[in-house]
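Asks: Predicted model and sequence follow; I will ask about them next.
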Amino acid sequence: MAGVVIVADALHTQVAHARAVAAAGGHLYVSVKANQPTLFAQLKQLPWAQVPIGNQHRDTGHGRRETRTVKALTVRTPGGIGFPHAQQAVRITRTRMIAGKRARETVYLVASLPAAHAQPADLQEWARLEWHIENRLHWVRDVTFHEDAHRAGTGNGPAIAAVLRNTAIGFHRSNGQTNIARATRRANRRPHDLITTMTSSYSTTQ
């Protein structure tokens, strides 16, 4: 993992993960949410008002305008913030205008790369790519497959169900489908087509 940068959501903002990645020679760039209350509070209380804007990016499309503003601070650990190997604290503010309504969201992150190797433009791009994956995968799982309403909540049930959903999404995307809800409805109506596709692919690869 030498030189590899792992960008992940708050699920992976774990001390053990940070130490394992560092031991393998990699770097971690993760968001921090309220599930890490002490670290979240430390990041929120940093003197952001005194930090100049490091990078700003604007997007428009589908009746939406979004501005993402990045500020980054060099921190020292131990003694800086309570997360192993943290080199930078990052704040990204997203401001959206949709149908005349303004929404603002602030996200805090930590990076184990120093500023010399991770400039604000890099931090902006890496976060954007992670959010893109989040939107393409987790949004579909939540909205199309109603993951939050699923009743499998014990044992290996949730993990197995998540793998099956990811497999279905990956299968449809590999076949050029961009509307997963429509592809799922078609598969439900014509299960034999899906079985034929899966079995023929299997026999071809053996």
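Replies: Structure received.

Asks: now the strands for this protein?
Replies: All strands of the chain, identified by DSSP state E, fall at 5-8, 27-32, 55-61, 64-74, 88-98, 101-111.

Asks: Show the average pLDDT along the fifth one.
Replies: Going back to what we said before, that points to strand 88-98. Strand 88-98 shows an average pLDDT of 90 in the prediction.

Asks: Dump the strands of the chain to JSON lines, plus distance to residue 42.
Replies: For every residue, glycine as well, the C-beta is placed using N, CA and C. As requested, the strands of the chain are arranged in JSON lines below (distance: least, Cβ to Cβ, whole Å):
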{"stretch": "strand 5-8", "distance to residue 42": "19"}
{"stretch": "strand 27-32", "distance to residue 42": "9"}
{"stretch": "strand 55-61", "distance to residue 42": "23"}
{"stretch": "strand 64-74", "distance to residue 42": "11"}
{"stretch": "strand 88-98", "distance to residue 42": "8"}
{"stretch": "strand 101-111", "distance to residue 42": "9"}
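
Asks: hey, which of those strands is tucked in deepest?
Replies: When the strands of the chain are scored by mean count of other Cβ atoms under 10 Å, the highest mean neighbour count falls to strand 27-32 (a mean of 24).

Asks: Name every strand pairing with it and say which way it goes.
Replies: If you go by DSSP bridges, strand 27-32 pairs up with strand 5-8 (parallel), strand 101-111 (antiparallel).

Asks: May I see the ones you listed arranged in a markdown table, with mean pLDDT as well?
Replies: Formatted as a markdown table, those follow (pLDDT from 0 to 100):
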| stretch | mean pLDDT |
| --- | --- |
| strand 5-8 | 86 |
| strand 101-111 | 91 |
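
Asks: Residue 49 is nearest to which of the ones you listed?
Replies: Within the strands paired with strand 27-32, the stretch nearest residue 49 is strand 101-111; the backing value is 12.7 Å (Cβ to Cβ).

Asks: what's that closest one in contact with?
Replies: Contact with strand 101-111 is made by 13, 27-32, 39-40, 43-44, 72, 75, 81, 83, 86-96, 118, 123, 127, as judged by Cβ atoms under 8 Å, 6 or more residues apart in numbering.
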